[in-house]
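Peer 1: Provided below for reference: sequence and predicted model.
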Amino acid sequence: MSRLQCDECGCHAMAQREVGGHVFIECQVCGMQIGNDDFFDTIDFNAWAERNKIEPASRECVRALNSIEGFETYSSCGGHPDEGLPPYVYFTTTTRAQRFIPRVVELLEMIRRDTACRWILEVTARKGLSFWLRPLFPLLSRHLSADEVQRARKDLRTIAAALVKHSRLAWWYRND
């Protein structure tokens, strides 16, 4: 039986590690890791999110939006039930990527039955066009209940999953 050898340094001091239920192999000399690419992408994204102060509740949605070519998140909030603050994601796009904005709006309508809140994409004109993805509450100036904020937080995961799924499909790229 052959022993594992590190592709980086050639060392045979390889050890199996487990993080969050994911098993991978790590070189004990140089730290190179071998395992599932999706798992490592998630680790890299979470490190980026920590550095950029992206709250855990909004990370999936931020990641899904940032995975669309030309989209970049400026800020986000996962929602704060105790303060009555709903979640949101504030992002911009390149001029070329603005063609996907109608797709995001169409997607929000498509998944409307799957979300607890109605979600809108608001356009602002700061540093070019910027977009604010947020739940629509009738009186935004009033204090939201913790339950309303929690429901909106859950919607972020639904929106993220739909973005990941649909942004890979042919209809997303069609020319209208």
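Peer 2: Received it, and whenever you're ready, just let me know what you need.
Peer 1: Contact partners for the spatially most central residue of the chain?
Peer 2: In the chain, the residue lying closest to the centroid (Cα atoms, centre = their mean) is R63, at 2.4 Å. Counting by Cβ atoms under 8 Å, 6 or more residues apart in numbering, R63 makes contact with F45, A49, A160. C-beta coordinates here come from the backbone N, C-alpha and C atoms, glycine included.
Peer 1: what's the answer for H12, then?
Peer 2: Per Cβ under 8 Å, 6+ apart, neighbours of H12: R3, L4, Q5, C6.
Peer 1: That one sits in which helix or strand?
Peer 2: For H12, there is no host helix or strand (DSSP states H and E).
Peer 1: host element of the closest residue to L163 other than its chain neighbours?
Peer 2: Leaving aside its chain neighbours, L163 sits nearest to A64 (3.8 Å; criterion: Cβ to Cβ, 6 or more residues apart in numbering). Counting by DSSP H and E, the element that carries A64 is helix 56-66.
Peer 1: thinking again about what came up before, save the contacts of H12 as JSON lines, and put in secondary structure too.
Peer 2: Shown next, in JSON lines, are the contacts of H12 (DSSP: H, G, I helix; E, B strand; the rest coil):
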{"residue": "R3", "secondary structure": "coil"}
{"residue": "L4", "secondary structure": "coil"}
{"residue": "Q5", "secondary structure": "coil"}
{"residue": "C6", "secondary structure": "coil"}
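Peer 1: Just among these, which is most surrounded?
Peer 2: C6 (20 neighbours; other Cβ atoms under 10 Å).
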